[in-house]
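1. Using only what follows, build the 3D model:
(chains A and B)
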Amino acid sequence: MAEEIKTIKVTIDNITIDVAPGTTILQAARMIGGDVAPPAMCYYSKLKGSGGKCRTCLVEVSKGSNADPRPMPKLVASCRTGVMDGMEVKNITSERVIDARNGVVEFLLLNHPLDCPICDQAGECHLQDLGYEHGKEGTRYEFKRRTFEKHDLGPYIQLHMTRCILCYRCVFVADQLTDKRVHGVLSRGDHAEIATYIEKSLNNDFIGNVIDVCPVGALTDRTFRFKNRVWFTKPVDAHRECPTCSGKVTLWQRGDEVLRVTARKDEWGEVKDWICNTCRFDKKHAGDWVIEGPTKINRHSVISQGHYVGLKKPKETVAAVMGGREPKLLMDIHSVSEVNSPGIDLGAIPGPATSDTFNPNPKP
Amino acid sequence: MARKVLLDKAHIEGIRYFDTYRKNGGYAAAEKALKELGPDQVTEEVKKSGLRGRGGAGFPTGMKWSFLAKPEGVPRYLVCNADESEPGTFKDRYLMEFIPHLLIEGLVIASFALGSHRTYIYIRGEYAWIVDILEQAIQEAKHHGFLGKNILGTGFDCEIYVQRGAGAYICGEETALLESLEGKRGNPRIKPPFPAVKGLWDCPTVVNNVETLAAVVPIINLGGEEYAKIGVGKSTGTKLISACGNINKPGVYEIDMTQSVEEFIYSDEYCGGIANGKKLKACIPGGSSVPILPANLLLKTAKGETRMMTYESLSDGGFATGSMMGSGGFIVLDEDQCVVRHTLTLARFYRHESCGQCSPCREGTGWMEKILHNLEYGKGKMSDIDLLWDIQRKIEGNTICPLGDAAAWPVAAAIRHFRDEFEWHVLNPEESQKRNFGIAHYADALQLA
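-> The predicted model follows:
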């Protein structure tokens, strides 16, 4: 850093960090990382004006600033509240916050169909993660959930409005990445819906990015629909020379087959570089791409199951640890149990194995 | 007789027109403000008067005006909030319909004080005929040199535009109003930044209620200190109360905040008592958003003092035993009214009017309505009452704008004060549907001596 920039101190969950003025509480918390970072369903750092809507990132400000140490009376949306010097914020250390967040998650799931078993977003769904962390085991909602018809928004994107949590991210993407937005929110209240005016299709070179920003499975890739579960595919970083976009993507492969192309996402699930529709929907051959290597996936994600990235095996054997002594066998299970005797080849037995199979003295 | 400063001339024949209004002392305040006082002095007078916002929140107007950022080269705007949609509130309509020039004069003075050259009246779409009245008043004022270019030769230019809303309650919230005025979807903005810094088209903006702006006229006429002598304590000046419900004389009344609630309900000067000789059961003293109060807590505070029609007295005891002045929509319920049904009506309203932007309000208001519907129609369970309480607790304070709070408070207050009536609905599902009222033991026999 060439110039000395004045930083301000903010304390989140008793961890103090220096940040630049103008940083929001959420950004400061993400700099600390880990559990301190509040979940965010609608905030997207790359979209101007996003945030403040889902209310999952509510935090308690227990000390406003050094200049004005009064606590803020209400919980504040951390994604839209700037930090002040000396501010003290409570996130997971505040029972009020946890209680309010549980409430918000309950509200978000109230009309959500919970059709994860047939949803393409399952496995990389932010609402799933949120529900796993803060949701209740049952619902207190006894009424019919609101439903909408599915809509095809052009040849590439399908809108499944029933799953939508109205985060407005796709509206901001269309506003800020494309020349002309043709979709938006119609109606208000609990019957508000994302829609195009008179069933128009979304047709723009960058409109495919609405799929990536959607935190739930409301906007899905029609070229990938029901092709595979996310966790059965292998994410691979790749790039190509693209005249319209950066060309840096993640390929989701099964064998050599490219099932899906998405933009690369950072650890908070946000797109690093926007990609164009040609890269996303048309280039579905591994030959189109220069493969860079496997994508790093958070080891807690279901996608990383079975992929032991960075697995370290111990170099020394047991004998080396014990100073040359071989481990002593105290009891061999086969000496006391007749079951699964190594002398019997299960593959050679016709039909399923029974206790008689292992009995050396079968009854006549 | 209470002192009147807003509606004292409202019933003179032809006061709607400029000539009659001028003959009766109209536009004297505008002349005084523009010619004798400067913008800062006008603001100072308003500060001295202790005028509090009449839209519901009761924020001191002078302070709001002094918060307005005044960067060089950036226009400033004054917006008049005439989007009066709160159930039970109809005071602005009365004022604009009968004496529109009072609002125009107040707008001229306030625009002068704030340096707004383009001033907007955002009016509720359903008030279509009032738009015509206001447009005519604006044309008349322009014709007589109180609007337009170089007003009264002072070099101050000001134009007033009337913009109709499209029937959304949420557009009465000031930032949603600004969004709507800009031609966008009426979603409330996330604050901060406040409109005083970044409002209409990202310029500093003051949004004031119709009654607040009209009250600027008597403040300039009388002087701030003289105006502050009307009323009690921090509740200075006069307040319009729109009384409705089971009373003999529903209507808009101007009070100088020296009346007690009991006097307001039972005296012939105001509501004239409960209709049909019934007893008072409960009352919502400030528009549908504020907590309902049972008769015993309405007439006397928890401390045993007489409850007065002032900002402080009505909110005495917090939400546990008090309510709010709000926008002045005084809804009276007699002994035959069912609080559960009443709460359902309000919940249905808030569900319909929620903008759907933030999740607690979007989902919670609908959920509350469905549960209340079950309770009212004999399908309720005892656990539903606790569930309702939990839902409202999780909506309140967790939303972007005050609509979430406004939806939660009536439900909370109804359960707090009338829990036995909810329980009665659960225990007597058939009977509760046969007759349209609950248990009436809250009805108070108090009569004005």
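
2. burial count for residue A:325?
-> By the criterion of other Cβ atoms under 10 Å in any protein chain shown, residue A:325 has 9 neighbours. C-beta: built from backbone N, CA, C; applies to glycine.

3. Spit out the contact partners of whichever residue of the stretch 101-250 of chain B sits closest to chain A.
-> Closest approach between the stretch 101-250 of chain B and chain A, counting by Cβ to the nearest Cβ: residue B:190, at 3.9 Å. Shown here is residue B:190, whose contacts under the criterion Cβ atoms under 8 Å, 6 or more residues apart in numbering or on different chains are A:51, A:52, A:77, A:80, B:400.

4. residues in contact with the residue nearest to it when sequence neighbours are not counted?
-> Residue nearest to residue B:190 in three dimensions, not counting chain neighbours: residue A:52, with 3.9 Å by Cβ to Cβ, 6 or more residues apart in numbering or on different chains. Residues in contact with residue A:52 (Cβ under 8 Å, 6+ apart) are A:42, A:43, A:77, A:79, A:80, B:190, B:358, B:400.

5. Output those residues as a markdown table; include the columns distance to residue B:209 and secondary structure.
-> Converted to a markdown table, the contacts of residue A:52 look like this (distance: Cβ to Cβ, whole Å; DSSP: H, G, I helix; E, B strand; the rest coil):
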| residue | distance to residue B:209 | secondary structure |
| --- | --- | --- |
| A:42 | 31 | coil |
| A:43 | 33 | coil |
| A:77 | 27 | strand |
| A:79 | 31 | helix |
| A:80 | 27 | helix |
| B:190 | 22 | coil |
| B:358 | 24 | coil |
| B:400 | 21 | coil |
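
6. These into TSV, with extra columns for pLDDT?
-> Compiled in TSV, the contacts of residue A:52 are given as follows (pLDDT from 0 to 100):
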residue	pLDDT
A:42	90
A:43	91
A:77	90
A:79	90
A:80	89
B:190	88
B:358	89
B:400	90
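
7. now, among the residues you listed, which is nearest to residue B:89?
-> Nearest to residue B:89, judged by Cβ to Cβ, of the contacts of residue A:52 is residue B:400 at 22.3 Å.

8. Give the buried residues for the strand or helix carrying residue B:394.
-> Residue B:394 belongs to helix B:382-395 when assigned by DSSP states H and E. With burial defined by 16 or more other Cβ atoms under 10 Å in any protein chain shown, the residues of helix B:382-395 counted as buried are B:384, B:385, B:387, B:388, B:389, B:391, B:392, B:393, B:394, B:395.

9. Surely residue A:56 and residue A:41 touch.
-> Yes: in this structure residue A:56 lies within contact range of residue A:41 using Cβ atoms under 8 Å: 5.2 Å.

10. Give me the common contacts of these two.
-> Common neighbours of residue A:56 and residue A:41 (Cβ under 8 Å, 6+ apart) are A:108, A:130.

11. Any regions of the chain where pLDDT drops low?
-> As the question left the chain open, I've gone with chain A. Filtered on pLDDT under 70, chain A yields the residue ranges A:1-5, A:198-200, A:306-311, A:315, A:340, A:360, A:362-364.

12. Chain B, not that one
-> Scanning chain B for pLDDT under 70 picks out the ranges B:1, B:435-449.

13. Could you list the residues of it in contact with chain A?
-> Taking Cβ under 8 Å from any Cβ of the partner chain as the criterion, the neighbours of chain A within chain B are B:168, B:170, B:185, B:190, B:351-360, B:362-367, B:370, B:387, B:393-394, B:397-400.

14. switch to 6 Å and redo it
-> Among all residues of chain B, those adjacent to chain A (criterion: Cβ under 6 Å from any Cβ of the partner chain) are B:190, B:354-360, B:362-364, B:366, B:370, B:387, B:394, B:397-398.

15. List buried residues within the residues you listed.
-> Judged by neighbour count, with 16+ other Cβ under 10 Å as the criterion, the buried members of the residues of chain B next to chain A are B:190, B:354-360, B:362-364, B:366, B:370, B:387, B:394, B:397-398.

16. Among the residues you listed, which ones are in helices?
-> B:359, B:360, B:362, B:363, B:364, B:366, B:370, B:387, B:394 (DSSP state H).

17. Does at least one residue of the lengthiest helix in chain A sit close to chain B?
-> Among the segments of chain A that qualify as a helix by DSSP H, the longest is helix A:95-110. Yes: shown here: helix A:95-110 in contact with chain B (Cβ under 6 Å from any Cβ) through A:100, A:103, A:104, A:107, A:108, A:110.

18. How many residues are close by the third one?
-> Neighbour count for residue A:104, taken as other Cβ under 10 Å: 27.

19. got the residue ranges for the strands in the stretch 51-200 of chain B?
-> For the stretch 51-200 of chain B, the strands defined by DSSP state E, counting those that start in this stretch cover B:76-82, B:116-123, B:148-151, B:156-164.

20. Show me the contact partners of the last one.
-> Residues external to strand B:156-164 that are found in contact with it (Cβ atoms under 6 Å, 6 or more residues apart in numbering or on different chains): B:107, B:111-112, B:117-123, B:125, B:131, B:134-135, B:138, B:149, B:181.

21. which one is residue 140 nearest to, not counting chain neighbours?
-> Defaulting to chain A. Of all residues beyond its chain neighbours, the one nearest residue A:140 is residue B:387 (5.9 Å), with distances taken as Cβ to Cβ, 6+ apart.

22. ah, I was thinking of chain B
-> Sequence neighbours aside, residue B:18 is the residue nearest to residue B:140 in space, at 3.8 Å (criterion: Cβ to Cβ, 6+ apart).

23. Look at that neighbour and say how many residues are nearby.
-> As a burial measure, residue B:18 scores 22 neighbours (other Cβ under 10 Å).

24. On the three-state scheme, the residue lying closest to residue A:273 once chain neighbours are set aside is what?
-> Nearest in space to residue A:273, with sequence neighbours left out and distances taken as Cβ to Cβ, 6+ apart, is residue A:246 at 4.2 Å. Under the three-state scheme (DSSP: H, G, I helix; E, B strand; the rest coil), the conformation of residue A:246 reads as coil.

25. ditto for residue A:225
-> Using three-state DSSP, the structure places residue A:225 in coil.

26. And for it, the neighbour number?
-> Residue A:225 has 11 neighbouring residues, counting by other Cβ under 10 Å.

27. Now it: closest residue in space, sequence neighbours ignored.
-> residue A:120 (6.0 Å).

28. Please give the element, helix or strand, for the one you found.
-> With the criterion set as DSSP H and E, no secondary-structure element contains residue A:120; it sits in neither a helix nor a strand.

29. That one is in contact with residue A:221, isn't it?
-> No: Residue A:120 sits out of contact with residue A:221 when judged by Cβ atoms under 6 Å, with a separation of 7.4 Å.
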